[in-house]
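Participant: need a structure here:
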Amino acid sequence: MHGAMFVGVFIGGAILLIATFGLVLIGIIRAAKTGGISKKNKQAHSDETKMIQDIFNGLSKMEERIEALETILIERQKR
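Facilitator: Model (predicted):
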């Protein structure tokens with residue numbers, strides 16, 4: 001009686017263990033395929049990255065204009 005119960009618990013535990021490993025493996029495969037983020041989050045991240053790049057480019061152009069204005073002001077002061 002105790003032996004049959006032990007075998008039943010052992011088989012049930014083995015089945016649960018196999019199912020758990022299977023689900024973990026499926027999760028790892030999905031994360032590897034999507035890069036760990038959903039399509040919606042990936043699109044939001046892409047939009048945010050583009051916006052930051054646009055801001056950086058705009059600030060770089062502004063820096064060039066400020067340097068040009070500084071040069072003009074320095075030349076006027078020399079005269």
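Participant: contact partners for Ile29?
Facilitator: Neighbouring residues of Ile29 by C-beta atoms under 8 Å, 6 or more residues apart in numbering: there are none. C-betas here are computed from N, CA, C, even on glycine.
Participant: give me the element it is part of.
Facilitator: helix 2-34 (DSSP states H and E).
Participant: pull the distance from that helix to the chain's centre.
Facilitator: 29 Å (C-alpha atoms, centre = their mean, to the nearest Å).
Participant: after it comes which helix or strand?
Facilitator: Next element after helix 2-34 (DSSP H and E): helix 39-78.
Participant: mean confidence score for that following helix?
Facilitator: The average of the pLDDT scores along helix 39-78 is 91.
Participant: quick one: it to helix 2-34, angle?
Facilitator: Using axes from the mean of the first three to the mean of the last three C-alpha atoms, to 10 degrees, the inter-axis angle of helix 39-78 relative to helix 2-34 is 40 degrees.
Participant: burial check on Lys42, number of neighbours?
Facilitator: 13 (other C-beta atoms under 10 Å).
Participant: against Ile15, how distant is it?
Facilitator: 36 Å (C-beta to C-beta, to the nearest Å).
Participant: same check on Thr49?
Facilitator: 45 Å.
Participant: likewise for Glu63?
Facilitator: 65 Å.
Participant: do the same with His2
Facilitator: According to C-beta to C-beta, His2 stands 20 Å off from Ile15.
Participant: compare neighbour counts for those two and give me the winner.
Facilitator: Using other C-beta under 10 Å, the more surrounded residue of His2 and Ile15 is Ile15, with 10 against 6.
Participant: what sits against the more buried one?
Facilitator: Ile15 touches nothing, counting by C-beta under 8 Å, 6+ apart.
Participant: any idea how far it is from Ile28?
Facilitator: Going from Ile15 to Ile28 by C-beta to C-beta gives 21 Å.
Participant: can you list the domains in the chain?
Facilitator: Domain assignment of the chain by automatic domain parsing yields the ranges 1-36, 37-79.
Participant: now stretch 43-59, how far from the centre of its chain.
Facilitator: 15 Å.
Participant: I meant to write stretch 38-56 there.
Facilitator: 11 Å.
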